[in-house]
Structure formats: structure tokens, C-alpha cells
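> here is my input; please provide its structure:
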Amino acid sequence: MLSENEDFVFILPKERKKHYQPYTEYRDHNGRWVIYGKKDFIEGLCPRMAILVGEDGVASAKFTKNPALSVPEGHELGKDHTMIVYCDGRNREEVKKKLKEKLDVDEMLWKYDREAREEVMRSKVHDY
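Coordinates of the predicted model:
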């Protein structure tokens with residue numbers, strides 16, 4: 001199932017499973033694989049990603065409609081987009097293997113949600 005806002009296209013599971021996870025467990029374990037690439041490449045991953053979401057440990061995913069605000073070395077700021085794949089960090093290696101197999105992507109970076117949240121809070125985006 002796809003949903004979108006002005007910044008992202010969200011790829012959600014077909015069936016929403018009720019899942020309760022205490023905040024401390026979420027904080028300690030949940031994270032994301034981040035895949036960088038040109039817009040056409042990232043958008044091209046969407047149909048295959050939609051099949052994986054809700055299966056094999058992939059909770060959800062989203063991709064940017066606009067170029068990423070920061071990119072790692074080897075990528076082009078202002079040109080590269082991101083696909084963000086959410087999962088529990090305790091099974092991140094299994095998810096990474098599945099992403100490599102199904103999406104044919106070799107390069108991706110892991111980040112815990114708590115690290116991403118801290119980066120956003122430190123960024124100029126939140127300077128008032």
C-alpha cells in the first residue's frame with residue numbers, strides 16, 4: 001500500500017498487524033537501512049520493495065520525493081535520493097541479505113532510529 005506527503009512516498013504493509021512494542025525496546029533496537037541513488041533508480045525499487053514490506057522482517061519503507069539533504073561520500077548532494085527500509089536491528093543482517101537478493105542492491109547504510117532522531121534534532125532544520 002502506498003501513501004505520500006510532500007516529502008516522501010511511504011510503502012506500508014498490505015495488512016496492518018497489531019504490534020505492541022514498549023518504547024524502550026523500540027529505542028534500543030529499531031532502525032533502518034538507507035539506500036542512496038538517482039531518482040529513477042530509487043523509484044524503480046518501489047514495486048519490488050512493496051512485495052517485501054510486511055514480510056521477512058521489513059516493517060515498512062519510504063523514499064524521498066526530493067534529493068536527500070545529506071549524502072555519504074561517493075554520492076551527489078542535490079541529486080541523490082534515498083530509500084529507507086525500517087526493521088528491527090536484531091534481524092538487520094537477514095533483512096540486508098533479503099534486500100541484496102530481491103532489490104539487487106549492494107550498498108546500504110545501517111542507522112538506528114535513535115541516531116537518526118538525534119541527527120535531525122541537531123540539524124539546522126530545527127533551529128528556530
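
> and residue 78, what does it touch?
When the contact criterion is Cβ atoms under 8 Å, 6 or more residues apart in numbering, the partners of residue 78 are residue 67. To be clear about C-beta, it is placed using only N, CA and C from the backbone, and glycine gets the same treatment.

> all the helices of the protein, residue numbers only.
The residue ranges that make up the helices of the chain, judged by DSSP state H, are 23-29, 39-52, 92-103, 113-122.

> tell me the centre residue of the protein?
Averaging the C-alpha coordinates of the chain gives a centre point, and the residue nearest to it by Cα atoms, centre = their mean is residue 84 (1.4 Å).

> who's in contact with that residue?
Contacts for residue 84 (Cβ under 8 Å, 6+ apart) come out as 32, 33, 34, 35, 61, 62, 63.

> need these in JSON lines (columns: distance to residue 47 and neighbour count).
Rendered in JSON lines, the data for the contacts of residue 84 read as follows (distance: Cβ to Cβ, whole Å; neighbours: other Cβ atoms under 10 Å):
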{"residue": "32", "distance to residue 47": "20", "neighbour count": "26"}
{"residue": "33", "distance to residue 47": "18", "neighbour count": "20"}
{"residue": "34", "distance to residue 47": "19", "neighbour count": "18"}
{"residue": "35", "distance to residue 47": "15", "neighbour count": "23"}
{"residue": "61", "distance to residue 47": "12", "neighbour count": "26"}
{"residue": "62", "distance to residue 47": "15", "neighbour count": "22"}
{"residue": "63", "distance to residue 47": "12", "neighbour count": "22"}
